[in-house]
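In: Sequence below, structure please.
(one chain, ligands or ions: 1)
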Amino acid sequence: MREFIYYSKSAVTAGNMIKDDLKKAGRMDIVCNVIIAAFFISNAMRPDVKLHLIFDGPPNNPRHLVLESNEDMPISKKNVAGLIKKLLYKSPDKEGLLEIVPGASVEKKSFEKLVQDLDKDGKDIYLLGKRGTDIRELKNLGDKVFIIGDQDGFPKYKEKFLKQIEKCSVGPKIIFASQVFTILHNELDRNL
Ligand SMILES: C[S@@+](CC[C@H](N)C(=O)[O-])C[C@H]1O[C@@H](n2cnc3c(N)ncnc32)[C@H](O)[C@@H]1O
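Out: Now for the predicted structure:
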């Protein structure tokens with residue numbers, strides 16, 4: 001299973017705040033691009049992806065959404081925002097993942113708690129950024145969890161926490177989060 005975390009400081013955390021203009025919902029348009037890049041290839045859905053989304057925007061932050069490849073997950077490239085909206089509407093206001101539709105769950109959990117929980121589970125976690133070990137130098141890519149930030153990266157107050165995490169880079173230019181997913185998948189595909 002390929003495992004990723006996408007953190008967004010701005011993504012809204014209430015279903016009724018997701019309207020036609022996704023940009024106004026804390027750049028939910030970027031979240032949708034990330035989901036598409038994480039799960040879709042030409043004419044198919046990748047069968048082996050687990051994507052954690054941490055939304056840290058108003059009014060109910062934090063929210064932890066988990067999407068996992070599942071033939072029955074009701075997701076298409078056209079209704080990604082609809083699925084997120086449904087998850088936010090039905091989110092419990094406490095920790096404990098609740099499956100809302102096949103392959104899609106939600107709970108209240110912070111970024112830090114998620115990373116700590118995955119670390120306790122023995123996961124090998126890497127923070128993606130321009131500076132860091134070149135992805136091509138890492139061994140056993142398929143066993144790692146990759147953390148990607150939103151359009152603004154990570155807030156300053158998270159720096160101390162982020163310092164503890166290993167860093168890796170997919171290249172010398174700062175690119176869109178969704179492009180990072182495409183490159184990571186490609187590197188993983190080439191390592192199969
Ligand atoms: C659009 S970038 C964020 C730009 C933001 N101004 C910053 O400086 O962090 C979105 C995310 O993509 C990832 N990213 C961008 N370029 C990268 C690169 N060359 N290698 C690895 N990750 C990268 C980082 O995780 C970043 O937080």
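In: which residues in the protein form strands?
Out: Here the chain has its strands, by DSSP state E, at 2-8, 40-41, 44-45, 49-55, 63-68, 98-101, 104-107, 124-134, 144-148, 166-169.
In: worst average pLDDT in these?
Out: The stretch with the lowest mean pLDDT among these is strand 44-45, at a mean of 91.
In: Contact residues of this protein facing the ligand?
Out: 128-130, 148-149, 151-153, 169-171, 173-177, 180 (C-beta under 6 Å from any ligand atom). Heads up, the C-betas are built off the backbone N, CA and C, glycines and all.
In: Of those, just the buried ones, PyMOL syntax please.
Out: Buried residues among the residues of the chain next to the ligand (16 or more other C-beta atoms under 10 Å), as a PyMOL selection:
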select buried, resi 128+129+148+149+153+169+170+177+180
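In: So which of the residues of the chain next to the ligand belong to helices?
Out: Ala177, Val180 (DSSP state H).
In: Quick check: which of the strands of the chain is nearest to Ile84?
Out: strand 63-68 (7.0 Å; C-beta to C-beta).
In: angle of that closest one against strand 2-8?
Out: 150 degrees (axes from the mean of the first three to the mean of the last three C-alpha atoms, to 10 degrees).
In: now the angle from strand 63-68 to strand 49-55?
Out: 170 degrees.
In: list the helices and strands strand 63-68 packs on?
Out: helix 28-39, strand 49-55, helix 80-89, strand 104-107 (3 or more C-beta pairs under 8 Å, 6 or more residues apart in numbering; DSSP states H and E).
In: what pairs with it, and is each one parallel or antiparallel?
Out: Using DSSP bridges, the strands paired with strand 63-68 are strand 49-55 (antiparallel), strand 104-107 (antiparallel).
In: Report the distance from that strand to the chain centre.
Out: Chain-centre distance of strand 63-68: 8 Å, with C-alpha atoms, centre = their mean, to the nearest Å.
In: next one: stretch 60-70
Out: Taking mean C-alpha positions (C-alpha atoms, centre = their mean), stretch 60-70 and its chain are 8 Å apart.
In: Provide the contact partners of it at residue level.
Out: Contact with stretch 60-70 is made by 1, 13-14, 35, 38-39, 45-56, 73, 75, 83-84, 87-88, 91, 93, 97, 102-111, 114, as judged by C-beta atoms under 8 Å, 6 or more residues apart in numbering.
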